[in-house]
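Peer 1: No letters, just coordinates:
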């Protein structure tokens, strides 16, 4: 790295009549401003740089001193000179684009590209109260995982470092057994397909089974995180109202039959209802009538805190048109990027072939680690521990809401599950304003109205994640949220 | 796992008048045939299963014995009863689909889906002589990698287990420095985007910058591995002839200007030429004239064995319309699934936003490990070692070809690079037949004619990968290839 840095400095040294210490200072300053040298990089020791550039050590020290005076670098005895985190307004980009708005849209983008970035939903910040859907990653059993992973690396064959095809057999088996036993999913290992996250599963399904212009029914309010993928694949997203039993079963107009129905029957996202069997049967009958595919997104099905586990829709006798999608993002950690689908038997060969063509499967060492983790029972243990923990945190947050705001700010009941709860507003408040006020106080919440499709009547409220909030922080974070609510109330 | 298996057996036990040992045997046999119990699974100990099912131990032993007689399981003292690898014709699928052809195509697929699986190119087998493009993964410095990885895990923050956004800064910096120094790529860390493989990079580029119906110029012969992605994204692939200098620069007809040009200027794939500066300038001028984007696929640019490293097209003054794509698949190992793009500055924000929306970035621990690996100089060392090794293997294979077949079976010259070479046929032979004969002898080669677009005049020959062939195996594997050539010659 040192050698590369020195080469870089040499390449970027400006010409001109200015003294060397000045030119070196400008060279380094522009590198820092442009992000060529990022925060926490170590500059070469002055003696080394001086020797490499053929200049006096004092010259280098003078340049470093000026940078330190202007807070571009910090120097510490024994450690060296390190680039500091640059305040946003000091970057070359900020200087070039003084308005401050991030230029997402570019004339270069295609019409499709413009649609994809039109309503960005991915949050740069994840690990923060009260981000919904973020598990407590600090509780992930890292030492155990590392031990299993190291063991896989010690005993692997060369093939396992090459491309895969169809997912590691041991992982598919472990998943098949787990899903059959805990989620009442009807599947053999052959029907399990491993993907790099639920988004890839949805991408594969809509590309392989849908054409441009096909219709997808989306729960409203619902999960719009996959919106960009459906846009990219030319799938027309039709919002369908969610009532107390989940997605309503309405008969489509002629020529408007959906190709896909995206449902979260175990725990409607975000409102939380469990879809009763009768509604499931009605939707399945509709799917059979119109040749639709039901995509069952079981995003947090392991985390039910009361009552029996809710069996998957896919396991019903009429479930042959259901494609079941699950993810490890909430049970293990989101950065793992591993998920799975259970595909009807007659589609297995097509899905495997298409998956290999579009994504080139790999990561067999990670799959092997995961397979061991599940097969040895650690997955089930971890879920049990997390279920208990999340139930406690839910109780803590619900209690705070009821005591500090009132019972009418929350709906209790079926929603005793998952990593989030919904706060409703019994007084008129704009939830997007609350979210902004909360952000100013370092609190990340999601406005409930943003889960409703544009052009439909949105309810106001907040989607609050409690899983990633440590008990010791819950009260202070909640206080900050209260402050945001009060601030919004005053301005409303 | 045991408990799950027992539950599974209980669930699948057939009813009926047959004796229990027979019913248990049928239960287990069908589970094995359907792939519910995969090869190497351990059946429960007979004592345990008997107890759980409430039957006599002898009954279980009788069922296990019958399965062993029929080679479904193997039994070993002290280890237990293990499911054996089932011969393909004994699976439930083979029994159901006796023709043996994998039913890729299904009536359920959309028109787009049918196109995607129409010409599957991904090979299930990778680690075999003479698969092109497969590095010697047995030389990957695993202990070092594991050490770095464990260190990253010990010192990480919780955020690094959540979703990423834009790629880890340290990795982007390490890549930026490396590419600037070794490939003459013109970039800052900000312009580097990390993806899960080159396919994802191509997917992102074509979705974001192209609309359905846009034209892409593809080298002919060329890399068609990304064909399915371009099909899926509605991009019309126009083959453009490759001459001694790479892709020809032809003026497009009115209304037929390409939106994308896919080129491999450092080492044309598969024929091997280096694109001289003049041709590069001509193509760049065309791109500027028509608002096209040049996708420079530098798939093995590190592995030039003679002469100077070839600077990237992107680094030329006129290279502002070039998007540079590189991968770790050939320098580290394909299963790692990590690659990168260098994006023009004005597109950075759009690409980052779209990448997060479509793929939800993660794997920050892997990115951190990679960043350390590069920054500490191990990447450069590994490439140097592999370059020497591959040069030796290339020489060995070239020598064998010249001695056993003749000089006219190979073209020497610029093609002193990479992980593959091209064998030409000075006598009339059908290369697809040779490939089949080779496969029957356990040798995997790619027929050169398959790199030509359908409807264009194809040259016959073989693309042979030598990187994954150990020296000790080179002669025997080559003998087998010779045998395949002779067999084809006799039938031709």
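Peer 2: Yep, it's here. Since we're looking at a predicted model, the values are computed, not measured.

Peer 1: near chain B at all, the strand ranked longest in chain A?
Peer 2: In chain A, with assignment by DSSP state E, the single longest strand is strand A:236-243. No - applying Cβ under 8 Å from any Cβ of the partner chain, one finds strand A:236-243 separated from chain B by no less than 13.8 Å. C-beta coordinates here come from the backbone N, C-alpha and C atoms, glycine included.

Peer 1: And that strand, how far out from the chain middle?
Peer 2: From the chain centre to the centre of strand A:236-243 is a distance of 22 Å (Cα atoms, centre = their mean, to the nearest Å).

Peer 1: list the buried ones in it?
Peer 2: A:237, A:238, A:239, A:240, A:242 (16 or more other Cβ atoms under 10 Å in any protein chain shown).

Peer 1: same question, stretch A:397-407
Peer 2: Neighbour-count burial for stretch A:397-407 flags A:397, A:398, A:400, A:401, A:405 (criterion: 16+ other Cβ under 10 Å).

Peer 1: go on, stretch A:284-298?
Peer 2: Buried, per 16+ other Cβ under 10 Å, within stretch A:284-298: A:284, A:286, A:287, A:290, A:292, A:293, A:294, A:295, A:296, A:297, A:298.

Peer 1: Which single one of these is nearest to chain B?
Peer 2: residue A:293 (8.1 Å; Cβ to the nearest Cβ).

Peer 1: do the lengthiest helix in chain A and chain B meet?
Peer 2: In chain A, taking DSSP state H as the definition, the longest helix is helix A:378-404. No - Helix A:378-404 does not reach chain B (Cβ under 8 Å from any Cβ); its nearest approach is 9.2 Å.

Peer 1: Any buried residues in that helix, and which?
Peer 2: In helix A:378-404, counting by 16+ other Cβ under 10 Å, buried: A:379-380, A:382-383, A:386-387, A:390-391, A:393-394, A:396-398, A:400-401.

Peer 1: So what sits opposite residue A:446 in the bridge?
Peer 2: Residue A:446 has these beta-bridge partners by DSSP bridges: residue A:463.

Peer 1: Please look at it and residue A:463 and confirm they touch.
Peer 2: Yes - counting by Cβ atoms under 8 Å, residue A:463 is a contact partner of residue A:446 at 4.2 Å.

Peer 1: what touches both of those two?
Peer 2: A:132, A:270 (Cβ atoms under 8 Å, 6 or more residues apart in numbering or on different chains).

Peer 1: any chance of the buried residues of stretch A:284-298 in JSON lines, with secondary structure and pLDDT too?
Peer 2: Shown next, in JSON lines, are the buried residues of stretch A:284-298 (DSSP: H, G, I helix; E, B strand; the rest coil; pLDDT from 0 to 100):
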{"residue": "A:284", "secondary structure": "helix", "pLDDT": "96"}
{"residue": "A:286", "secondary structure": "helix", "pLDDT": "96"}
{"residue": "A:287", "secondary structure": "helix", "pLDDT": "95"}
{"residue": "A:290", "secondary structure": "helix", "pLDDT": "94"}
{"residue": "A:292", "secondary structure": "coil", "pLDDT": "96"}
{"residue": "A:293", "secondary structure": "strand", "pLDDT": "97"}
{"residue": "A:294", "secondary structure": "strand", "pLDDT": "97"}
{"residue": "A:295", "secondary structure": "strand", "pLDDT": "97"}
{"residue": "A:296", "secondary structure": "strand", "pLDDT": "97"}
{"residue": "A:297", "secondary structure": "strand", "pLDDT": "95"}
{"residue": "A:298", "secondary structure": "coil", "pLDDT": "93"}
